[in-house]
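K.L.:
dropping a prediction and its sequence here:
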Amino acid sequence: MVTFLITASLELQPPLFDEVSQDFLDTILETRKQQYMNSIPKLIDFAKTIGARVFLVENNGYRPTIFDTLDCQVLYTDSNKYANTKGTNELLDVLSCLYTFQIPDDELIVKVTGRYLVDVSGSFCSALQIYNPDTTDCILRYGSFVDPTKEEPHEDCLTGLIAMKCKYIKQIQHKESDSVEYSWAKKSLELDPNRVQVLKGKIGYRMYSWHTKEITYRDL
């Protein structure tokens, strides 16, 4: 069985507020909403084609949101108030979903950052279509947003789109001072390499980032 866990945050962490103008902050927040509603319905439709369940987690507390109209279960957490990095928030949210919805340990968890646009015809989704639980424990792409050219197994990976069996995600050891990408990658390196499917090249998703002057993206 495959389960999609889509992470989302409709608000930015407070430390970021002083780094941008209010106009640009408003633009970022509105753009995030558009990205979510452009990407997530496509993911839900794809998940149905492979018989996967979909859960979405948003981390700014329970209240009515645009996600309530989507065809998936939604969990609201408060992690955005307590963790200092987005990656740490996402890992906390993923773990909250695993325990709240009592997902079986042998289930493959596809963790997706909800505002990144996933190409369902890309190599990652193609790997999910032929996924065999008897032979595969993890599907991932090593490298980073900054340097995606490092494709061989090492202690950095793309976590915007990654799949790992539930029991191994629960075993991830993470310190908030570390990059969460390193923590996911380290766990993958502890697994039987014959059961880890390493993807190379572009896997089929558009990752967005931003700084004080513009919103940027990279196709990975």
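P.N.:
Good, I have the coordinates. Bear in mind that the values here come from a model prediction, so they are computed numbers and not experimental data.
K.L.:
show me what the top helix by length along the chain is packed against.
P.N.:
Assignment by DSSP state H gives helix 22-49 as the longest helix of the chain. Helix 22-49 sits against strand 2-8, strand 53-58, strand 117-118, strand 215-219, with contacts defined as 3 or more Cβ pairs under 8 Å, 6 or more residues apart in numbering; DSSP states H and E. C-beta: built from backbone N, CA, C; applies to glycine.
K.L.:
contacting residues for E90?
P.N.:
Shown in contact with E90 (Cβ atoms under 8 Å, 6 or more residues apart in numbering): T7, K111, T113, T159, V180.
K.L.:
how much space between the third one and P133?
P.N.:
Read that as T113. Separation of T113 from P133 (Cβ to Cβ, to the nearest Å) stands at 24 Å.
K.L.:
neighbour count for those two, which is higher?
P.N.:
T113 (23 against 12; other Cβ atoms under 10 Å).
K.L.:
how close does the residue lying closest to the more buried one once chain neighbours are set aside sit to M1?
P.N.:
The shortest distance from T113 to any non-neighbouring residue, by Cβ to Cβ, 6 or more residues apart in numbering, is to G160 (4.2 Å). Computed as Cβ to Cβ, the G160 to M1 distance reads 22 Å.
K.L.:
ok, the two, which is more surrounded?
P.N.:
G160 (23 against 12).
K.L.:
got a list of what that one touches?
P.N.:
Here G160 is in contact with V112, T113, Y116, Y205, M207, L220 (Cβ under 8 Å, 6+ apart).
K.L.:
who does the fifth one bridge with?
P.N.:
Meaning M207. Following DSSP bridges, M207 is listed with bridge partners R218.
K.L.:
neighbours of N38, just the number please.
P.N.:
Neighbours around N38, by other Cβ under 10 Å: 11.
K.L.:
check what pLDDT T216 gets.
P.N.:
Per-residue pLDDT puts T216 at 72.
K.L.:
correction: Y62
P.N.:
For Y62, the model assigns a pLDDT of 94.
K.L.:
quick one, helices of this structure?
P.N.:
22-49, 86-100, 123-129, 166-169, 180-190.
K.L.:
about what we covered before: need the contacts of G160 in CSV (columns: distance to S126 and pLDDT).
P.N.:
Listed next are these as CSV, based on distance: Cβ to Cβ, whole Å; pLDDT from 0 to 100:
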residue, distance to S126, pLDDT
V112, 15, 96
T113, 19, 93
Y116, 17, 90
Y205, 13, 86
M207, 19, 79
L220, 15, 84
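K.L.:
look up how far T216 lies from S21.
P.N.:
Following Cβ to Cβ, the distance that separates S21 from T216 is 17 Å.
K.L.:
please read the previous query as pertaining to V198.
P.N.:
For V198 relative to T216 (Cβ to Cβ), the value is 27 Å.
K.L.:
these two: which is more packed in?
P.N.:
Taking neighbours as other Cβ under 10 Å, V198 and T216 compare with V198 leading, 15 against 11.
K.L.:
what's the spacing between the more buried one and C157?
P.N.:
In terms of Cβ to Cβ, V198 sits 9 Å off from C157.
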